[in-house]
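>>> Generate a structure from the sequence data that follows.
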Amino acid sequence: MTEFIEKERETVPKQVEQLVLCDLDRTLIKSDELVDIVQEFLIETKNYSEQTTKDLAELVMSTHQNAGESVQPYGVMRDTYGLELDPSVLADQIIGHFDIELLKKRLLIPGAEYLFDAMSTHNTEYAILTSATDVIGQKFKIALFERLIEQSKIPYFIINHEAKSQTAEDHWYEEDSGSFKVPKPDNDDNHGGWQAKKIVIIDDKTKNLQSGTNKVSNILKIHVFADGDPVTDAVDLTHVADQLAKNGQFPDSLRYNEAA
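Numbering: from 1, shown residues only. Purely as a prediction, here's the structure:
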């Protein structure tokens with residue numbers, strides 16, 4: 001009976017002041033650089049022929065030319081080049097093969113580790129909200145990111161579209177309560193999700209931050225530099241993390257101006 005009550009309690013949405021939803025690719029981790037690292041890993045650990053090595057290089061080049069949108073490198077690498085199928089095992093293999101400090105420098109967007117440390121320090125609820133068609137490949141990136149920042153079991157959502165703000169505004173927002181009912185994350189069946197008074201979305205693409213049909217005020221959209229490279233109308237992820245670390249909250253000055 002006690003076990004049933006505990007199970008029931010775990011599936012009730014957690015009442016929180018705010019929930020931070022972070023994009024992954026080019027917001028927290030340098031996705032193109034990771035493709036290069038996996039290529040290096042394969043070449044250094046497999047006995048490929050000259051032609052196979054050349055084909056792999058062409059795949060990686062095509063991935064970079066298409067910014068990862070029309071080519072799914074990890075799916076091809078799994079099917080053709082013997083890449084490990086289990087995302088967590090592959091993450092461990094990459095960590096074991098390369099120097100972890102070197103991996104941090106090559107892969108982490110400046111400010112990513114700082115942001116998650118600040119959120120943990122201030123007991124800020126957070127999850128990764130990422131878009132992908134290759135779910136296994138995305139789980140690998142998340143597993144690797146966890147190891148690089150020395151955290152585990154980061155809640156995440158892997159969706160097959162990029163309308164992130166629209167999802168929060170049109171599907172999670174409840175007008176009666178004026179809050180967001182966010183479902184349980186993909187990686188925790190015992191999590192009841194969140195009932196959040198405020199949503200913060202951090203993303204490197206403005207199209208992911210566009211409002212849905214129900215534009216609401218208690219959603220803070222933060223547009224950050226893709227891969228840490230400065231662009232107009234975006235902010236540095238390190239600055240975002242610093243604001244939270246110093247103030248215990250994300251100031252409205254970080255808000256992305258859709259009308260600009």
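>>> what does the host helix or strand of Val89 contact?
Val89 is part of helix 87-97 when elements are defined by DSSP states H and E. Contact with helix 87-97 is made by 37-38, 41, 44-45, 83-84, 103, 136-137, 139-140, 142-144, 146-147, as judged by C-beta atoms under 8 Å, 6 or more residues apart in numbering. The C-beta positions use only the backbone N, C-alpha and C, and glycine is treated the same way.
>>> Can you go through the residues you listed and name the buried ones?
The neighbour count (16 or more other C-beta atoms under 10 Å) marks 37-38, 41, 83-84, 103, 136-137, 139-140, 142-144, 146-147 as buried among the contacts of helix 87-97.
>>> returning to what we had before: what are the buried residues along the helix holding Val89?
Pro87, Leu90, Ala91, Gln93, Ile94.
>>> Check which element follows it along the chain.
Next helix or strand after helix 87-97 toward the C-terminus (DSSP H and E): helix 100-107.
>>> list the helices and strands that following helix packs on?
Contacts defined by 3 or more C-beta pairs under 8 Å, 6 or more residues apart in numbering; DSSP states H and E place helix 100-107 against helix 31-45, helix 135-149.
>>> With only the CA atoms kept, save the last one in PDB.
Yep, that's helix 135-149 we're talking about. As requested, the backbone C-alpha atoms of helix 135-149 are provided in PDB (Å, rounded to 0.1, in the frame of the first residue of the first chain):
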ATOM      1  CA  VAL A 135      16.400   9.600 -31.400                       C
ATOM      2  CA  ILE A 136      19.300   7.300 -30.700                       C
ATOM      3  CA  GLY A 137      21.800   9.800 -31.900                       C
ATOM      4  CA  GLN A 138      20.200  12.500 -29.800                       C
ATOM      5  CA  LYS A 139      20.300  10.300 -26.700                       C
ATOM      6  CA  PHE A 140      24.000   9.800 -27.300                       C
ATOM      7  CA  LYS A 141      24.600  13.500 -27.400                       C
ATOM      8  CA  ILE A 142      22.600  14.000 -24.200                       C
ATOM      9  CA  ALA A 143      24.500  11.100 -22.500                       C
ATOM     10  CA  LEU A 144      27.900  12.600 -23.500                       C
ATOM     11  CA  PHE A 145      26.800  16.100 -22.400                       C
ATOM     12  CA  GLU A 146      25.900  14.700 -19.000                       C
ATOM     13  CA  ARG A 147      29.300  13.200 -18.600                       C
ATOM     14  CA  LEU A 148      31.100  16.300 -19.700                       C
ATOM     15  CA  ILE A 149      29.400  18.500 -17.100                       C
END
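>>> Specify the angle between that helix and helix 31-45 in degrees.
90 degrees (axes from the mean of the first three to the mean of the last three C-alpha atoms, to 10 degrees).
>>> Show me the strands in the stretch 51-200 of the chain, by range?
The residue ranges that make up the strands of the stretch 51-200 of the chain, judged by DSSP state E, counting those that start in this stretch, are 125-131, 156-159, 173-174, 179-182, 194-203.
>>> out of the helices and strands packed on helix 100-107, nearest to Glu113?
helix 135-149 (4.6 Å; C-beta to C-beta).
>>> Could you list the residues in contact with the closest one?
For helix 135-149, contacts defined as C-beta under 8 Å, 6+ apart pick out 24-25, 28-29, 31, 34, 72-75, 78, 85, 87-88, 90-92, 94-95, 100, 103-104, 107-108, 112-113, 116-117, 128, 130, 132, 152-154, 156, 158.
>>> how about a cut-off of 7 Å?
For helix 135-149, contacts defined as C-beta atoms under 7 Å, 6 or more residues apart in numbering pick out 24, 28-29, 34, 72, 74-75, 87-88, 90-91, 94-95, 103-104, 107-108, 112-113, 116, 128, 130, 132, 152, 154, 156, 158.
>>> can you check stretch 207-216 too?
For stretch 207-216, using C-beta under 7 Å, 6+ apart, the contacting residues are 23, 162, 164-166, 169-170, 173, 201, 203, 221, 223, 256, 258.
>>> Now that stretch: buried residues?
For stretch 207-216, the buried set under the neighbour-count rule, 16+ other C-beta under 10 Å, comprises Asn208, Leu209, Gln210, Gly212, Val216.
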